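S.K.: Structure, please.
(one chain, ligands or ions: 1)
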Amino acid sequence: MASAALLWFGEVMSAVPLRNTKSAASAVRSVSVLGATGSIGDSTMDLLRGARDRFRVEALTANSNVQALAKLAREFGARFAAIADPARLGELKEALAGTRTECGAGESAVIEAAARPADWVMAAVSGAAGLKPALAAVDRGATVALANKECLVCAGDFFMQRAMKAGACILPADSEHNALFQALGSGNRDELVRVIITASGGPFRTWDPADIEQATLAQALKHPNWSMGQKITIDSASMMNKGLEVIEASYLFGLTPDEIDVLVHPQSIVHGMVEFADRSVVAQLGTPDMRIPIAHCLGWPDRIKGPSAKLDLAKVGQLTFEAPDFARFPALRLAYDSLRTGFGATTVYNAANEIAVAAFIGGKIRFGAIARLVEATLDAWIRASNLSPLKSADDAIAIDHNARNVAATLLPQIALKAS
Ligand code: NDP
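M.R.: Now for the predicted structure:
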């Protein structure tokens, strides 16, 4: 393997190794998948299924879906399986009876799964619950394919510093960041002008604001291009997901908000671009299939054969681009605002959004109120708090909890308020 924390962009150190060298190793690599039963987990397991001779499964985790977890653990002969819901340990033991798979339950078991000695870890637990397990993998200097964007949004500086300190290697698994990861190595830090992450625009890209305000859950879940979990699909419809990705890009690659642009690209073929001083723009393209960036992370620093469809640009015909509409999608503006505020504001942005999305799914607020609740929570938090940098995971978790409480308190008045 190439060394974990490498120099990139000249003087700037990062845990994202942009100058990769080919691996000399042909040995079987051990992998763990945190969030194995989810959408990213499913894509990862699919890739592992196609490369059984190259990978061995150390640990798998899930939240409550015991049967799916046990099925995967049996299929891949996992050494350890962890279920986050402590009440399900008995059920998991029963489902794994007769196998050699050890099992555990509760948050500590999920952390144990991450801490076990796997060469490569997919961090794909959804939400802020993914932070501590991802840190457990980072702390032992593992190669971590990071899908869970909340690790960065909630505790970005701290998370990346911890990765650097431990010599961990962070591979961006999110499609846009993976695209930037592939393109950034074409130049140095002082040659970079900006990065551009693309957005499909989601199902409401061309809708009137009044219709977006009233959009139903079924409409929000109809993503035009990507098949993903429920929460991230709703975030795509509000463009909150793009906001989270702007924040993610800032922490991952050490970029200022002004160095990150968003471009709406309804076909989702170009995932990210990097512009350099000579005006060269380097882009990564591919069909909208998460197995492509995950395969890049799984094979890194080499490339493995992926099962995704070949990109046929002649068939796609047209690639179109448009500027994002910050007025129609205020969630995107709020992401830049919270990134500029710093000091935990991005943690608040994420926490308030999680409360808002849950309330929308539960029929308590209208779609348009999601961004209003996030904005009101950010305003209340900035008014009330002493702004100070996050020093630990516990700081991030405390702000996260606090922001959730503030959002929950503001929820009834936001629910009543018309746009
Ligand atoms: P899913 O909701 O499909 O899956 C989430 C996974 O995490 C499941 O295995 C779930 O277990 C587990 N989980 C949920 N809550 C907990 C918890 N409290 N403790 C432990 N495990 C938990 O999510 P996705 O796969 O869509 O997304 C995962 C992460 O990747 C998110 O951060 C998302 O933003 C990011 N991402 C996703 C993309 C996508 O295409 N889906 C693209 C880029 C990033 P169970 O099945 O038992 O509920």
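S.K.: Do a quick rundown of the strands in the stretch 151-300 of the chain.
M.R.: 169-172, 192-199, 260-264, 270-276, 281-285 (DSSP state E, counting those that start in this stretch).
S.K.: and the ligand, which of those is closest to it?
M.R.: With CB to the nearest ligand atom as the measure, strand 169-172 is the member of the strands of the stretch 151-300 of the chain nearest the ligand (9.6 Å). Backbone N, C-alpha and C define where each C-beta goes, glycine included.
S.K.: Each with direction, which strands does the closest one pair with?
M.R.: Sheet pairing of strand 169-172 (DSSP bridges) gives strand 143-146 (parallel).
S.K.: In CSV, please show the C-alpha coordinates belonging to the strand it pairs with.
M.R.: What follows is strand 143-146 as a C-alpha-only set of coordinates in CSV (Å, rounded to 0.1, in the frame of the first residue of the first chain):
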residue,chain,number,x,y,z
THR,A,143,-7.8,3.1,4.9
VAL,A,144,-11.4,4.4,5.2
ALA,A,145,-13.7,4.8,2.3
LEU,A,146,-15.9,7.6,3.6
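S.K.: For the stretch 251-400 of the chain, which segments count as helices?
M.R.: 291-299, 313-316, 330-341, 345-361, 369-384, 393-416 (DSSP state H, counting those that start in this stretch).
S.K.: Okay, buried residues for the fourth one please.
M.R.: Read it as helix 345-361. 345-360 (16 or more other CB atoms under 10 Å).
S.K.: got the angle for that helix vs helix 393-416?
M.R.: Angle, helix 345-361 to helix 393-416, by axes from the mean of the first three to the mean of the last three CA atoms, to 10 degrees: 40 degrees.
S.K.: what is the mean pLDDT for helix 345-361?
M.R.: Summarised as a single mean, pLDDT over helix 345-361 is 96.
S.K.: ok, and does it reach over to the ligand?
M.R.: No. Judged by CB under 6 Å from any ligand atom, helix 345-361 makes no contact with the ligand; its nearest approach is 9.9 Å.
S.K.: Send me that helix as PDB with only the CA atoms.
M.R.: Coordinates of each C-alpha in helix 345-361 appear next as PDB, following Å, rounded to 0.1, in the frame of the first residue of the first chain:
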ATOM      1  CA  ALA A 345     -22.400  25.900  12.600                       C
ATOM      2  CA  THR A 346     -22.100  23.000  10.000                       C
ATOM      3  CA  THR A 347     -22.900  20.600  12.800                       C
ATOM      4  CA  VAL A 348     -26.000  22.600  13.600                       C
ATOM      5  CA  TYR A 349     -26.900  22.700   9.900                       C
ATOM      6  CA  ASN A 350     -26.800  18.900   9.700                       C
ATOM      7  CA  ALA A 351     -28.600  18.300  13.000                       C
ATOM      8  CA  ALA A 352     -31.500  20.600  12.300                       C
ATOM      9  CA  ASN A 353     -31.900  19.100   8.900                       C
ATOM     10  CA  GLU A 354     -32.100  15.600  10.300                       C
ATOM     11  CA  ILE A 355     -34.900  16.800  12.700                       C
ATOM     12  CA  ALA A 356     -36.600  18.600   9.800                       C
ATOM     13  CA  VAL A 357     -36.400  15.600   7.400                       C
ATOM     14  CA  ALA A 358     -37.800  13.200  10.100                       C
ATOM     15  CA  ALA A 359     -40.700  15.700  10.700                       C
ATOM     16  CA  PHE A 360     -41.400  15.900   7.000                       C
ATOM     17  CA  ILE A 361     -41.400  12.100   6.700                       C
END
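S.K.: Identify the residue nearest the residue of the stretch 301-419 of the chain found nearest the ligand in space, chain neighbours excluded?
M.R.: Nearest to the ligand in the stretch 301-419 of the chain, going by CB to the nearest ligand atom, is N350, at a distance of 9.9 Å. Spatially, and ignoring its direct neighbours in sequence, N350 is nearest to V153 (4.5 Å; CB to CB, 6 or more residues apart in numbering).
S.K.: I figured the one you found hits S250, correct?
M.R.: No. V153 sits out of contact with S250 when judged by CB atoms under 8 Å, with a separation of 9.7 Å.
S.K.: gap between G77 and the ligand?
M.R.: Look at G77 and the ligand: by CB to the nearest ligand atom, to the nearest Å, they are 19 Å apart.
S.K.: Hmm, that residue is touching R100, no?
M.R.: Yes. The pair G77 and R100 passes the contact test of CB under 8 Å, sitting 7.4 Å apart.
S.K.: More neighbours: which of those two?
M.R.: Neighbour totals were compared for G77 and R100, and G77 leads with 12 against 9 (other CB atoms under 10 Å).
S.K.: Let me see the backbone angles for that one.
M.R.: Per-residue torsions, G77: phi 60, psi 40 (degrees, to the nearest 10).
S.K.: And A220, what's its pLDDT?
M.R.: A220 carries a pLDDT value of 96.
S.K.: Could you find the closest non-adjacent residue to it?
M.R.: Closest to A220 by CB to CB, 6+ apart is A237, at 4.2 Å.
S.K.: so how many other residues sit close to that neighbour?
M.R.: Close neighbours of A237, defined as other CB under 10 Å, add up to 27.
S.K.: what sits against the residue nearest to G156 when sequence neighbours are not counted?
M.R.: Residue nearest to G156 in three dimensions, not counting chain neighbours: Y251, with 2.9 Å by CB to CB, 6+ apart. Contacts for Y251 (CB atoms under 8 Å, 6 or more residues apart in numbering) come out as 152-153, 156-157, 159-160.
S.K.: And for E176?
M.R.: 197-198, 245, 249, 271-272.
S.K.: Same list, those residues, but as JSON lines with neighbour count, distance to T409 and pLDDT please.
M.R.: Formatted as JSON lines, the contacts of E176 follow (neighbours: other CB atoms under 10 Å; distance: CB to CB, whole Å; pLDDT from 0 to 100):
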{"residue": "I197", "neighbour count": "24", "distance to T409": "33", "pLDDT": "98"}
{"residue": "T198", "neighbour count": "26", "distance to T409": "36", "pLDDT": "98"}
{"residue": "E245", "neighbour count": "28", "distance to T409": "28", "pLDDT": "97"}
{"residue": "A249", "neighbour count": "27", "distance to T409": "31", "pLDDT": "97"}
{"residue": "H271", "neighbour count": "25", "distance to T409": "38", "pLDDT": "98"}
{"residue": "G272", "neighbour count": "28", "distance to T409": "38", "pLDDT": "98"}
